[in-house]
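Participant: I would like to see how this sequence folds:
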Amino acid sequence: MSDAEWAVVRDALPVPGWLEGRGGQPESYCHRQMVDAVRYLVAGGITWRAMPADFPAWDRVYAFFRRWRDKGLTAEFHDRLRDRVRQAAGRDAEPTAGIIDAQSVKAAASVPAATRGFDGGKKVNGRKRHIMVDTLGLLLAVMVTAASVTDRDAGQTLLARLRERHWRVTRVWADGGYTGRLVDLARDAWRIALTVVRRSDDTNGFIVLPKRWLVERTFAWLMHSRRLARDYETRTDTSEVVIKWAMSMVMSRRLARRAR
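Facilitator: Numbers count the residues shown, from 1 in each chain. Purely as a prediction, here's the structure:
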């Protein structure tokens, strides 16, 4: 990270418990080095054991990554950056609308059979990333499942997660994969108007669909991180955390450019 970007990241880092009198002991590592090491792994797509000697030992970095994953610190860090990006764009920190979509990716050999499947539509054997973004394309909720899980089934859990964190969202746009009973469930259970944006049957070639292009752009941002070119993680929650680290890089760089 540049010094300008580190200033942005440092202000968004979760406060350690020992600084708030909640116990624990001071960390013996540099946060900047640890965050840089995790970002390097996500962006470069390397294995943990291939961590360059310029960074701390790979097992120390992995312990840092794992602790942040298990204690929810990665999600807290990501959400703080998202709130600041929204405020810098003149928006309220809490969104009121979102776009939902899914992406199927191939899975590496390290992915167990219990959490992988075959997507018959995309002809992909691996996992599926279900994401919800706001109207700026920033991540609101994410869930990773086997590729065989349908968009409608995963959409129920994703909307439930969205409601737990973002209670002000009342409208969500989606593609044709989310039609059916999910529309009624979203209205009755969570008071969310799920609007399906359909592609016209008489349209040939590529066409930009209203609202749906926003989530497709987010997928394009994520694919800049080579760790996400396919799914390498054994656990699905680790895959979700890697996605949040990738989005954190997108947001911190945007904030650093605004600060110049």
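Participant: what distance separates the start and the end of stretch 188-207?
Facilitator: 32 Å (Cα to Cα, to the nearest Å).
Participant: surely Trp245 meets Leu73?
Facilitator: No: counting by Cβ atoms under 8 Å, Trp245 stays clear of Leu73, with 11.4 Å between them. Every residue, glycine included, has its C-beta placed from N, CA and C.
Participant: elements contacting the biggest helix by length in the chain?
Facilitator: Identified as the longest helix of the chain according to DSSP state H is helix 236-259. Judged by 3 or more Cβ pairs under 8 Å, 6 or more residues apart in numbering; DSSP states H and E, helix 236-259 is in contact with helix 3-12, helix 31-44, helix 58-70, helix 73-88, strand 124-133, strand 139-146, helix 212-222.
Participant: Which among the ones you listed is found nearest to Arg171?
Facilitator: With Cβ to Cβ as the criterion, Arg171 lies closest to strand 124-133 of the helices and strands packed on helix 236-259, at 11.9 Å.
Participant: Okay, now the sheet partners of that closest one, with direction.
Facilitator: Paired neighbours of strand 124-133 in the sheet (DSSP bridges): strand 97-106 (antiparallel), strand 117-119 (antiparallel), strand 139-146 (antiparallel).
Participant: any idea of the mean pLDDT for the last one?
Facilitator: The pLDDT scores in strand 139-146 average 97.
Participant: thinking again about what came up before, how about a markdown table for the helices and strands packed on helix 236-259, with mean neighbour count added?
Facilitator: As requested, those are exported to a markdown table (neighbours: other Cβ atoms under 10 Å):
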| stretch | mean neighbour count |
| --- | --- |
| helix 3-12 | 16 |
| helix 31-44 | 19 |
| helix 58-70 | 16 |
| helix 73-88 | 19 |
| strand 124-133 | 23 |
| strand 139-146 | 22 |
| helix 212-222 | 18 |
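Participant: Which one, of these, ends up nearest to Val172?
Facilitator: strand 124-133 (7.3 Å).
Participant: Specify the angle between that closest one and helix 73-88 in degrees.
Facilitator: Computed by axes from the mean of the first three to the mean of the last three Cα atoms, to 10 degrees, the angle separating strand 124-133 from helix 73-88 equals 50 degrees.
Participant: Touching stretch 85-101 from outside, list them.
Facilitator: The contact list for stretch 85-101, computed with Cβ atoms under 8 Å, 6 or more residues apart in numbering, reads 83, 130-136, 138, 140, 155, 158-159, 162, 166, 168-175, 178, 211-212, 214-216, 219, 251, 254-255, 258.
Participant: Ala229: which of the strands paired with strand 124-133 is closest?
Facilitator: Using Cβ to Cβ, the nearest of the strands paired with strand 124-133 to Ala229 is strand 97-106, at 7.6 Å.
Participant: picking that back up, any chance of the helices and strands packed on helix 236-259 in CSV, with distance to Met51 too?
Facilitator: Conversion of the helices and strands packed on helix 236-259 to CSV gives the following (distance: least, Cβ to Cβ, whole Å):
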stretch, distance to Met51
helix 3-12, 19
helix 31-44, 6
helix 58-70, 4
helix 73-88, 18
strand 124-133, 24
strand 139-146, 24
helix 212-222, 22
